[in-house]
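Participant: I'd like to go over a predicted model; first the sequence, then the structure.
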Amino acid sequence: MTLVLSGRERGIATLTLDSPANRNALSARLVDELAQALADCARDEAVRAVVLTHTGTAFSAGADLKAPPNPYTFVALLRQLVTLPKPVVARVDGHVRAGGIGLVGACDMAAASAGSDFAFTEVRLGVAPAVISLPLLPRMDPRAAERYCLTGERFTAAEAVRAGLLTVAAEDGDVDRVLAPLLDGLRRASPQGLAAAKQLLAARVLETFERDAEDLVQRSASLFASPEAREGMTALLERRDPAWVL
């Protein structure tokens, strides 16, 4: 059974993360399927833009601790989102955590319902949002990134707009209402114009990939192999506070 559903409507391809049982956690299989679906969209001349969305109450809970993707594969997926010659728009109607925020940040635009919430939970597990910082830090307000990456606290969709993570949030909860004008604009744009504009807009983000990706993958691997991270992961699975909580 596939973990990424695909649909088409008037030039917009919708890719839906469909693993609600584990809150769309980023497993090796899900990452591979999403990468293949994006590649298919890139080749399809009938696709003007891509919407990335989800089933269930979570867009993504972050890395699947039981079957995590290779970090290089995940970096490649984030880079694929940034470099895809067609705009990618995240549609969020639920919870987004850790690596899931990396997916949102790698998209060109993002819309969310008012009830959606976000959290960089890495620090509470003994690690850091290393790899996902590649698309996020060039786009987010620095003070907001510092607060939420250091505290791990939850923040609302409205706060995510102010932080530069989201393009728009639906105050009435109807994410499709605020998404509609974005998609209408993309349908009116020429394929060549969209590809050229996206290349210009993504240039600064790509610089971070070229400069920092290898270092951040190595740093992430070192953190995940540490005793503190093992304690953090164990505490999460056992539904208790890790030993360092005061």
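Facilitator: That came through, no problem. Residues are numbered from 1 along each chain as shown.
Participant: the longest helix in this protein is where?
Facilitator: In the chain, taking DSSP state H as the definition, the longest helix is helix 191-224.
Participant: buried ones in that helix, by neighbour count?
Facilitator: For helix 191-224, the buried set under the neighbour-count rule, 16 or more other Cβ atoms under 10 Å, comprises 194, 198, 202, 205-206, 208-209, 212-213, 216-217, 220, 223-224. Glycine gets a C-beta too; all of them are placed from N, C-alpha and C.
Participant: next: stretch 116-134.
Facilitator: Buried residues in stretch 116-134, counted by 16+ other Cβ under 10 Å: 116-122, 124-134.
Participant: okay, the angle between the helix or strand immediately after the longest helix of the chain in the chain and helix 191-224?
Facilitator: Once helix 191-224 ends, the next helix or strand along the chain (criterion: DSSP states H and E) is helix 227-237. Calculated by axes from the mean of the first three to the mean of the last three Cα atoms, to 10 degrees, helix 227-237 forms an angle of 100 degrees with helix 191-224.
Participant: export helix 227-237 as CSV, just CAs?
Facilitator: Extracted C-alpha coordinates of helix 227-237, given in CSV (Å, rounded to 0.1, in the frame of the first residue of the first chain):
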residue,chain,number,x,y,z
PRO,A,227,23.9,9.1,25.2
GLU,A,228,21.7,12.1,25.7
ALA,A,229,19.8,11.4,22.4
ARG,A,230,19.4,7.7,23.4
GLU,A,231,17.9,8.9,26.7
GLY,A,232,15.6,11.3,24.9
MET,A,233,14.4,8.7,22.4
THR,A,234,13.8,6.2,25.2
ALA,A,235,11.9,8.7,27.3
LEU,A,236,9.7,9.5,24.3
LEU,A,237,8.9,5.9,23.6
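Participant: who touches it?
Facilitator: Residues from elsewhere that reach helix 227-237 (Cβ atoms under 8 Å, 6 or more residues apart in numbering): 65, 124-127, 223, 241-244.
Participant: for those residues, which one is nearest Val175?
Facilitator: Checking the contacts of helix 227-237 against Val175 with Cβ to Cβ, the nearest one is Arg124 at 27.4 Å.
Participant: just how off-centre is stretch 132-150 within its chain?
Facilitator: Centroid separation for stretch 132-150 versus its chain: 13 Å, with Cα atoms, centre = their mean, to the nearest Å.
Participant: lowest-pLDDT helix or strand in the protein?
Facilitator: helix 227-237 (a mean of 95; mean pLDDT, DSSP states H and E).
Participant: tell me the SS of the one residue sitting closest to the centre of the chain?
Facilitator: For the chain, the residue nearest the mean C-alpha position is Leu103 (1.5 Å; Cα atoms, centre = their mean). Taking DSSP: H, G, I helix; E, B strand; the rest coil as the rule, one finds Leu103 in the helix state.
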